[in-house]
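Colleague: 3D model of this:
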Amino acid sequence: MGTLSDNYTENVRLFDKALGVGRSVDMVSRDYLIGGRRARIWVVDGYGLDETLERMGSFWLSRPGDALEGLRDMQDFANRFITFSEVDVGFDQEELITSVLMGKTLLLVEGLSGGAQIDAKSYPSRGVDEPPDGKVLRGSHDGFVEAVVPNMALLRRRIRDPHLTMEGLKVGKRSHTDAVLCYLDDKADPALLSAIREKLNGIDVNSLSMAQESVAEAIRPKQWYNPFPKVRYTERPDSAAASVMEGNVVLMVDNSPSVMILPTTFFDFTQEANEFYFPPLVGSYLRLLRIIVFLISLLITPTWYLMVKESGRLPDWLEFLSSPEPAALGLLWQLLVVEFLVDVLKLASLNTPDSLSNSFSMLGALILGDFAVQAGWLGPEVLVYMAFVSVASFAQPSYEMGYAFKLLRVALLLLTAVFDVWGYGLGILAILILLATTKPLVGRGYLYPLIPFHGKALWRLLVREPISRDNT
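Modeller: Model (predicted):
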């Protein structure tokens, strides 16, 4: 494809064929007679704003026969006869076709070079309700949606600063998915922005069917064996706005209500929106509690298994832990079975219709309750420890980090079972090495501000500071 020709009939035939007029029922085209000249529009049904297009069409049809005299190109026509504010003129055939598939209305007029791209569209989307995985007791209760334009407006509403930049990109050879980089141009690191642009422009895929996850997989370092998440997601506009104010970059991808916050480090996952809607002392307590509980959830079952594996390892005051009740399955198998059974129940709950949720809850209680203990399948101690682990996993706002810790916990348990104390120690060392060698998408390092060390930044991540001039 190249540029538009000067032959109106040839251009109409080309766009009708390329856009599938007559082949696709949702592709709408309409002929007009504007000032004695032929004209034609193309728009995808469901995207175009009917009221806006009707008003413009009524205005065009009412023009007298000599209204277009003296006009040289489509830009002159747009300046005089297109009342909608968002309009630009293009000459490249592929660009014009893509703009129609993105929801814009294309207008060609006989005798005028170029095509007008009228951005009178409205994407189907839900309301800006509070996201299910980021609820707060106080604070705003709105959330991002699956369309980029409303998401940008939610950030503009919170950051009324002329330095706030929304940089648009197209990703995917066939899908041409909209991606938007949001940042403060006077605060974001230029080297960081360049690195992100380079990664996005280097994506060599046909489509981004899974939106932000497809982007993350296309640009993340090739460490398939590393379970630690390289990207932090949020569906909360207030969290995204705070990150932008701190100099971070927010990447929004069309068709996804989750935005990506870059750069991402391990310590970023210790924060949650609820902490900032409480006083600093309470927020610091909640943050430290979450960190401690999550570390305990990683170590509790392997440590307990190591202590009770052989008698005599515990001091007298902890002797009550060394005598788990006998069960049909060995202790190691009990822990592994419940680990995987909890995940099965989570998967089943996602696919359970609301009308059957009560039945599913009772069935899950039977499987992991007194029934399993009385039948002799599992010991009560195993259920207690695994219940704590399951509850602790929900205290972490990142699902990705929760599953990373789960996989590491199971690996540490298996190493402890095979190599005893040496396996436990080597497992802890391997986790630390894996964490230290994790490659971030962009930024100074996955363990920043611990490595390289930045004391003030690390303190702000571990303790909820009061609001100050530079603290968001």
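Colleague: which residues of this protein score low on pLDDT?
Modeller: By pLDDT under 70, the low-scoring segments of the chain are 1, 124, 317-323, 355-375, 468-472.
Colleague: who touches the residue most central in space within it in this structure?
Modeller: Note on the chain: the residue nearest the mean C-alpha position is residue 258, at 3.1 Å, using C-alpha atoms, centre = their mean. Counting by C-beta atoms under 8 Å, 6 or more residues apart in numbering, residue 258 touches 144, 211-212, 233-235. All C-beta spots, glycine's among them, are computed from the backbone N, C-alpha and C.
Colleague: So for stretch 101-118, first residue to last residue, what's the gap.
Modeller: Counting by C-alpha to C-alpha, to the nearest Å, you get 12 Å between the two ends of stretch 101-118.
Colleague: rewinding a little: nearest spatial neighbour of the residue nearest to the centre of the chain, skipping sequence neighbours?
Modeller: residue 233 (4.3 Å; C-beta to C-beta, 6 or more residues apart in numbering).
Colleague: Who are the packing partners of the helix or strand the one you found falls within?
Modeller: According to DSSP states H and E, residue 233 maps onto strand 232-234. Strand 232-234 sits against strand 259-262, with contacts defined as 3 or more C-beta pairs under 8 Å, 6 or more residues apart in numbering; DSSP states H and E.
Colleague: Can you list phi and psi of the closest residue to residue 113 other than its chain neighbours for me?
Modeller: Spatial nearest neighbour of residue 113, excluding adjacent residues (C-beta to C-beta, 6+ apart): residue 73 at 4.6 Å. Per-residue torsions, residue 73: phi -150, psi 180 (degrees, to the nearest 10).
Colleague: what's the distance between residue 73 and residue 108?
Modeller: As judged by C-beta to C-beta, to the nearest Å, residue 73 and residue 108 stand 12 Å apart.
Colleague: which of the two has more neighbours?
Modeller: residue 108 (21 against 14; other C-beta atoms under 10 Å).
Colleague: ok, and what's touching the helix or strand encompassing the more buried one?
Modeller: Secondary structure from DSSP H and E places residue 108 in strand 105-109. Contact with strand 105-109 is made by 8, 11-12, 15, 34, 37-43, 48, 53, 68, 74, 77, 82, 96, 99-100, 115-121, as judged by C-beta under 8 Å, 6+ apart.
Colleague: Please convert the buried members of those residues into PyMOL selection syntax.
Modeller: Buried subset of the contacts of strand 105-109, written as a PyMOL selection, criterion 16 or more other C-beta atoms under 10 Å:
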select buried, resi 8+11+12+15+34+37+39+40+41+42+43+48+53+68+74+77+82+96+99+100+115+116+117+118+119+120+121
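Colleague: From the contacts of strand 105-109, which land in helices?
Modeller: If you go by DSSP state H, the contacts of strand 105-109 have 8, 11-12, 15, 53, 74, 77, 96, 99-100 in helices.
Colleague: can you list those residues in CSV and add distance to residue 160?
Modeller: Converted to CSV, those look like this (distance: C-beta to C-beta, whole Å):
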residue, distance to residue 160
8, 45
11, 43
12, 45
15, 40
53, 32
74, 35
77, 35
96, 35
99, 30
100, 33
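Colleague: tell me which residues of the biggest helix by length in the chain are tucked away?
Modeller: Assignment by DSSP H gives helix 399-436 as the longest helix of the chain. For helix 399-436, burial by neighbour count (16+ other C-beta under 10 Å) applies to 400-402, 404-406, 408-413, 415-417, 423-424, 427-428, 431, 434-435.
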